[in-house]
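**Student:** Have a look; sequence and predicted model below, questions after that.
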Amino acid sequence: MAKAANHRKLQLNELEELHNDAYENSKIYKARTKAFHDKHISRKLRSQWDGPYKVIEVFLHGAVEIKNPQDGTTFKVNGQRLKHYVDGIERGEMIEVVHLTDPIYLPS
C-alpha cells in the first residue's frame, strides 16, 4: 500500500510539473503574440485621414459621410471617430451644431 501511495504522489507531482510548464508556455506564447500584434498594429493606428472635412450626410447608427474639400473625395466613417473642428470663426458668429447620435429627419 505504501509503495502505491508513493507512486501516486510521484504521478501527482509530475502532473503538477506538466501543468506549470503548460502555464509558463502559455504565458510566453501570449507575450510573443502581443509583442507581434503591437509591432504590426502601430502602423495601422496612424491616422490616414487628417484635416478639416465637410459632413455630407449623417446615417443611422452614427455613420457619417464626409468630404475632403481639397480633392473632393468622400467616404463613410464612424461618427465617434470624428472631432469637432472650429477655425476662423469670429466671436458672435452663428455655429450650426449637428448631434451625430440623434439625426434629424426632414420630410422629402
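**Tutor:** Now that the structure is in, tell me what you want to look at.

**Student:** Report the mean confidence score over the host helix or strand of residue 36.
**Tutor:** Assigned by DSSP states H and E, residue 36 falls within helix 2-45. Mean pLDDT, helix 2-45: 90.

**Student:** gap between it and the chain center?
**Tutor:** Relative to its parent chain, helix 2-45 has a centroid offset of 28 Å by C-alpha atoms, centre = their mean, to the nearest Å.

**Student:** buried residues in the helix or strand following that helix?
**Tutor:** For helix 2-45, the following helix or strand on the C-terminal side (DSSP H and E) is strand 54-58. For strand 54-58, the neighbour count (16 or more other C-beta atoms under 10 Å) marks residue 58 as buried. Every residue, glycine included, has its C-beta placed from N, CA and C.

**Student:** Buried residues, the following helix or strand past strand 54-58. List them.
**Tutor:** Remark: after strand 54-58, the chain's next helix or strand is strand 63-67, criterion DSSP H and E. Buried positions in strand 63-67, judged by neighbour count with 16+ other C-beta under 10 Å: 64, 66.

**Student:** domains for this protein, by residue range?
**Tutor:** Split into domains by automatic domain parsing, the chain comes to 1-46, 47-103.

**Student:** For the closest residue to residue 54 other than its chain neighbours, name its beta-bridge partners.
**Tutor:** With C-beta to C-beta, 6 or more residues apart in numbering as the criterion, residue 54 has its nearest non-adjacent residue at 4.8 Å, and that residue is residue 67. Using DSSP bridges, the bridge partners assigned to residue 67 are residue 54, residue 74.

**Student:** which residues does residue 67 contact?
**Tutor:** Residue 67 makes contact with 53, 54, 56, 73, 74, according to C-beta atoms under 8 Å, 6 or more residues apart in numbering.

**Student:** Between those residues, which sits nearest residue 2?
**Tutor:** Proximity of the contacts of residue 67 to residue 2 (C-beta to C-beta) peaks at residue 53, which lies at 80.3 Å.
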